[in-house]
Every structure is written in structure tokens, then in C-alpha cells.
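Enquirer: starting from these lines, generate the structure:
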Amino acid sequence: MKHASMNPARFVLGLLALLALLGCAATSDDTAQQGSGAPAASQTLNVNNVPEDLRHLVPFAERWGIGDDVDRNAAVDRATAAERAELERAIAPADARITAWLDSFRQQPMTDEAAAFMYMQLALEEMRAGTP
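Expert: This is a model prediction of the structure:
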């Protein structure tokens with residue numbers, strides 16, 4: 001039964017974080033190293049599929065919106081303190097707005113751009129949690 005005050009995007013982010021942690025715990029050292037070599041390929045997002053007030057964050061979503069747990073965790077691991085701080089400064093003021101946009105999809109499939117923003121938020125949460 002769904003709790004009436006459950007925020008769908010927060011639930012998805014929490015679930016993804018849990019799955020990421022479980023996936024990391026279940027992988028062998030060899031598997032984890034496969035994703036930790038070269039940086040993940042940057043994606044190109046269509047800014048026209050992003051709300052106008054969030055378009056300034058597209059470069060961050062292209063860089064940090066990595067859907068693969070192993071690759072995202074590897075990118076988080078490689079992030080310098082300056083990169084972490086830059087992402088925090090960029091995302092923190094818009095966090096609620098991003099979540100509201102993601103919530104607007106409800107039962108509709110997310111666009112690639114929305115998914116990238118969701119994974120970008122997850123990367124920031126993993127940085128905050130100190131994911132190794």
C-alpha cells in the first residue's frame with residue numbers, strides 16, 4: 001500500500017540507491033574494476049526536452065547522469081573534491097524543482113533527459129553518502 005505522502009521521485013531515487021549499493025556488494029572485484037577504467041562516455045541531451053528553468057544543468061546531467069550503477073559509482077569514486085563541490089552548488093538550489101519535474105512523469109516513461117537528471121541526483125546522493 002502506497003503511503004499518501006510518498007514522493008515518487010524520492011522513492012525511485014532511494015530504490016536506485018539501494019539497488020546500487022546491493023549491486024556493488026554483490027559484484028566481484030574483477031567486475032567492479034571493469035567499470036572503473038576509462039570515464040563513462042558523455043551523453044548528449046536535447047535541451048528542448050528539459051524545462052527552461054533547468055536547462056543550465058544539462059551539462060551536469062550529461063556528465064553525471066549515468067544510468068549504469070558500476071559506471072556511475074566509478075565516476076563518483078574518481079570525482080575530485082572540487083567536482084563534488086561544483087555539482088553540489090549546481091544541483092542543491094534546484095533539487096526540489098528537478099524532483100517536481102521528475103514527478104510530473106507519473107506513469108509515463110521518462111525521457112532520456114529526465115532519466116539523466118534522475119541519475120545525476122543519484123550521483124550527488126552517492127557523493128553525499130560517501131559511496132566509495
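
Enquirer: low-confidence stretches in the protein?
Expert: 1-41, 131-132 (pLDDT under 70).

Enquirer: one more time with 90
Expert: Scanning the chain for pLDDT under 90 picks out 1-43, 107, 130-132.

Enquirer: so who does Thr44 touch?
Expert: Glu62 (CB atoms under 8 Å, 6 or more residues apart in numbering). In short, each C-beta sits where N, CA and C put it, glycine included.

Enquirer: measure it to Ile98 for me?
Expert: Distance from Thr44 to Ile98, counting by CB to CB, to the nearest Å: 19 Å.

Enquirer: and Leu93, which of the three is it?
Expert: In this structure residue 93 is Pro, not Leu. helix (DSSP: H, G, I helix; E, B strand; the rest coil).

Enquirer: ok, now which ones touch it?
Expert: With CB under 8 Å, 6+ apart, Pro93 has no contacts at all.

Enquirer: roughly how far does it sit from Leu87?
Expert: Pro93 is 12 Å from Leu87, by CB to CB.

Enquirer: repeat for Asp112
Expert: From Asp112 to Leu87 the distance is 20 Å (CB to CB).

Enquirer: neighbour count winner among the two?
Expert: Between Asp112 and Leu87, counted using other CB atoms under 10 Å, Leu87 has the larger neighbour count: 21 against 16.
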